[in-house]
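Q: What follows is a predicted structure for the sequence shown.
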Amino acid sequence: MSQPPSTQPAHQSLDLANLPRFVHDNFIDLSTIAMIFKFRSGVGHDFSYGTGETCRSMKHYFEPVGIDDAFWQRLRAGQAKPEGWQQVGYFAPVDGEVVDVRPATDAFGEPEVQFMFQSTEYPQVNFLFFHVRPVDGLAVGSRFTAGDPLGTVAGGSSGEIGVSVTIDGHETLVSFFELVDDDVFAEYQARGVESISELIISREERDANPL
């Protein structure tokens, strides 16, 4: 999902080496999550478009509770049922506006969307949501306040979050955790994550250990 022309001025300047920690609300219900995959992991597909990096997932996957290897095998065999899927809530991490929506279908053939959510405070920052059963009325131009429900994770998918940042006309991808404040990160610390660095594989580490 590429950056559309912003309809708002860039009110705040950004420094990639010192990003603002302006996310005061978590984007997902952690009580339904068993496992988080790291930024630049080898999970899923290559997601590094336009960054100058390659063959790495520059977003986070959030695996729902109760979804194990046996479930994925049943899903691939067409034996899993939609009612067996954990309901995982998505929420607006900041005040913002939906600026792009792409329709699709989930693993059970039900409608889903992926969409781009642009921050009001920092229009250069877009949150990328994937595999969503959206709330009614979610469309390009929809505005939400931080903490508002956006939908749930679509059937047969993990929760996913990507963050696109544009600085001096160059778009790159950063970890959601580089933008969260102490209160949001405390939710993860309460579940055993000691530091943000635990959730991010650095570019140097991934380049030295390519996939």
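A: Right, received. Where do you want to start?
Q: in this structure, which spans are helices?
A: 69-76, 182-189, 203-208 (DSSP state H).
Q: By mean pLDDT, point me to the weakest helix or strand of this protein.
A: Using mean pLDDT, DSSP states H and E, the weakest-scoring helix or strand in the chain turns out to be helix 69-76, at a mean of 81.
Q: C-alpha coordinates for that one, PDB please?
A: The C-alpha trace of helix 69-76 is given here as PDB (Å, rounded to 0.1, in the frame of the first residue of the first chain):
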ATOM      1  CA  ASP A  69      -0.100 -25.400  13.900                       C
ATOM      2  CA  ALA A  70      -2.900 -28.000  14.000                       C
ATOM      3  CA  PHE A  71      -5.400 -25.200  13.200                       C
ATOM      4  CA  TRP A  72      -3.400 -23.900  10.300                       C
ATOM      5  CA  GLN A  73      -3.200 -27.500   8.900                       C
ATOM      6  CA  ARG A  74      -7.000 -27.800   9.200                       C
ATOM      7  CA  LEU A  75      -7.400 -24.400   7.500                       C
ATOM      8  CA  ARG A  76      -5.200 -25.400   4.600                       C
END
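Q: picking that back up, among the helices of the chain, which comes closest to Phe176?
A: helix 182-189 (9.5 Å; C-beta to C-beta). Just so you know, the C-beta spots here come from the backbone N, C-alpha and C atoms, and that holds for glycine as well.
Q: For that closest one, buried residues please.
A: Buried residues in helix 182-189, defined by neighbour count with 16 or more other C-beta atoms under 10 Å: Val184, Phe185, Tyr188.
Q: now stretch 196-208
A: Ile196, Leu199, Ile200, Ile201, Arg206.
Q: how about the spatially most central residue of the chain, what does it touch?
A: For the chain, the residue nearest the mean C-alpha position is Ile161 (0.6 Å; C-alpha atoms, centre = their mean). The neighbours of Ile161, taking C-beta atoms under 8 Å, 6 or more residues apart in numbering as the test, are Phe27, Ile28, Lys59, His60, Phe62, Phe127, Leu128, Phe129, Phe176.
Q: One more pass at 10 Å, please.
A: 27-28, 36, 39, 59-62, 90, 93, 127-130, 175-177 (C-beta atoms under 10 Å, 6 or more residues apart in numbering).
Q: can you list the weak-confidence ranges in this structure?
A: 1-12, 84 (pLDDT under 70).
Q: same thing but 80
A: 1-13, 67-69, 71-72, 75, 80-86 (pLDDT under 80).
Q: mind listing the strands in it by residue range?
A: Assigned by DSSP state E, the chain shows strands spanning 33-36, 60-64, 89-91, 96-105, 111-119, 125-134, 143-144, 149-153, 159-167, 170-174.
Q: What count of nearby residues applies to the closest residue to Ala34 other than its chain neighbours?
A: In this structure, Ala34 finds its nearest non-sequential neighbour in Val65, 4.6 Å apart by C-beta to C-beta, 6 or more residues apart in numbering. Other residues lying near Val65 total 12 when counted by other C-beta atoms under 10 Å.
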